[in-house]
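sharing a model prediction with you, sequence too.
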Amino acid sequence: MKKLKIFYPDNSIKIHKSTKVLFILISLVLITYFSKKMFPQNIENLELLYFVMVVIFTVYCLIYVININLFRYETENGTYSGYLIIETEKIICGENTYLINDIEKISILNYSIRGKFNGNISALNPKKSNGLKNYIEIHHKNQIYKYHFLQTKTENMKMFENELRIYYEKGILGKQNYENITK
């Protein structure tokens, strides 16, 4: 059965473990630096400690930047629950079912695929997409329902190309939206 995982985003801020370690290392380097200034009688021991902390911090920064640029995905803030299933006569989103005759309009945004370069050029942000910036809006009985979903290279909206053609032919899915999905 063709299906995509539904993702419910939340508004919290998640900090990756490696970023927390980076903040701790910065704090330790600063503490040892200011300790040198405050305790001049222990300057030799503190200089050695400071040097060790700076070396550890520098090595970790290099590893951190390489990790972010090559291996790490964007943070997932939210939970997965249920599946998006598009059939010829209905759309199932988790526990909710929308019949084709009751749907007024559908809008689909599906450009984000897990693992693709996300276009971010900042040195300290992940470069790989988490595949969760996709959503389907269903206009159903004067209400709009919005569901975010995960897309990967193998599980994506193109799986539903035949079903979406039916929605396009009925005028529920717009021409440009349909072409963006099927190209």
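Alright, I've got the coordinates. Numbering: from 1, shown residues only.

residues contacting stretch 138-147, please?
Residues from elsewhere that reach stretch 138-147 (CB atoms under 8 Å, 6 or more residues apart in numbering): 6, 84, 91, 93-94, 96, 98, 102-107, 135-137. C-beta: built from backbone N, CA, C; applies to glycine.

please redo it, this time with the cut-off set to 10 Å
4, 6-8, 82, 84, 91, 93-94, 96, 98-99, 102-109, 134-137, 172 (CB atoms under 10 Å, 6 or more residues apart in numbering).

so which of the residues you listed sit within strands?
Assignment to strands by DSSP state E places the following of the contacts of stretch 138-147 there: 4, 6-8, 82, 84, 91, 93, 96, 98-99, 103-109, 134-137.

show me which of those residues are buried.
Among the ones in strands among the contacts of stretch 138-147, the ones that count as buried by 16 or more other CB atoms under 10 Å are 4, 6-7, 82, 84, 91, 93, 98, 103, 106, 108-109, 134-136.

and the two most separated of these?
7 and 103 (21.4 Å; CB to CB).

if I look at the residue of the chain most remote from its centre, how far off is residue 49?
Farthest-out residue of the chain from its mean C-alpha position, per CA atoms, centre = their mean: residue 41, at 50.6 Å. From residue 41 over to residue 49 the distance is 14 Å, taken as CB to CB, to the nearest Å.

relative to residue 163, how far out is residue 152?
Residue 152 is 19 Å from residue 163, by CB to CB.

who's more crowded, those two?
residue 163 (19 against 13; other CB atoms under 10 Å).

contacting residues around that one?
Neighbours of residue 163 in contact, by CB under 10 Å, 6+ apart: 2, 85-91, 100, 173.

swap in residue 76?
7, 9, 14, 130-132, 150.

how's this protein carved up into domains?
Domain assignment for the chain, taken from automatic domain parsing, gives 4-10+75-182, 17-70.

ok, residue 161 touching residue 181?
Yes. Here residue 161 reaches residue 181: they are 7.2 Å apart, a contact under CB atoms under 10 Å.

more neighbours: those two, which one.
Taking neighbours as other CB under 10 Å, residue 161 and residue 181 compare with residue 181 leading, 19 against 12.

if I look at the more buried one, how far off is residue 4?
12 Å.

so what sits against both of those two?
Joint contacts of residue 181 and residue 4 (CB under 10 Å, 6+ apart) are 110, 156-157, 160.

so which residue is dead centre in the chain?
Closest-to-mean residue, the chain, CA atoms, centre = their mean: residue 130 / 3.6 Å.

which helix or strand contains that residue?
For residue 130, there is no host helix or strand (DSSP states H and E).

isn't it right up against residue 80?
No. Using CB under 10 Å, residue 130 makes no contact with residue 80, being 11.7 Å away.

overlap in contacts, the two.
Common neighbours of residue 130 and residue 80, using CB under 10 Å, 6+ apart, are 7, 150.
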